[in-house]
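**Q** Structure, please.
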Amino acid sequence: MSTWRSILEQLVRERGRALFGYAYVLTGDREAAQDLVQDALVRAFKGGRVSTSLDAAHVYVKKAIATSFIDRSRRAAVRPRSVDGAMIDVAWPLPDHSSGSDASIDLQAAVLGLAPRERACIVMRYMEDMRVDEIAAALGLAPGTVKRYLHEAILRLRAALPELEFSDFDTTDVTTRHGGAR
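**A** Purely as a prediction, here's the structure:
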């Protein structure tokens, strides 16, 4: 058996659930998460050029999941769908939590309400405990952009769930200037 096949089998066997969980946190949808993981595995292993290290393959597939998630969200936003000429909303539906559900469902709904890049940054920062520079490298963004996404996401999450507390991290407040002046 080739090396890349054995790494793929080991990755799916030992870390498949973790990869699925990561994709599920990003999408909030079981089928979409399964699709993201499948696409990321295909991306990582299609040429047989994946690393011989399980850890390196895991990191690469996680990056491919985040990138695919952002790409899909971007494509969905610019290609609205229509049914019989009527435009329909392509956003993921948020769960109805009006019946007094617990805090984890409220948090999930709030996270799913974030823009895709904000969501990816929040998940990487608070679920993966990554630093701003690591998130920037993983998503191909400038560190300042990551700081802005984190800042805006935290503001939105605090507005939705005032009882939420976020630990301090390596960023500063972001000041937005209107009118294009710098």
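**Q** Quickly note the distance from Asp29 to Ala137.
**A** Between Asp29 and Ala137 the computed distance is 27 Å (Cβ to Cβ, to the nearest Å). Every residue, glycine included, has its C-beta placed from N, CA and C.
**Q** where do the helices sit along the chain?
**A** Assigned by DSSP state H, the helices in the chain fall at 3-27, 30-45, 54-78, 103-112, 116-122, 132-139, 143-160.
**Q** got the buried residues for the third one?
**A** Residues of helix 54-78 classed as buried: 57-58, 60-70, 72-73 (neighbour count, 16 or more other Cβ atoms under 10 Å).
**Q** ditto for the second one
**A** Judged by neighbour count (16+ other Cβ under 10 Å), helix 30-45 contains these buried residues: 32-33, 36-37, 39-41, 43-45.
**Q** count of residues packed around Met124?
**A** Neighbour count for Met124, taken as other Cβ atoms under 10 Å: 25.
**Q** Surely it touches Ile135?
**A** Yes - judged on Cβ atoms under 8 Å, Met124 makes contact with Ile135 at a distance of 4.7 Å.
**Q** Under the pLDDT cut-off, which ranges of the chain? List them.
**A** Counting by pLDDT under 70, the chain shows low-confidence ranges at 1-2, 48-51, 74-105, 166-182.
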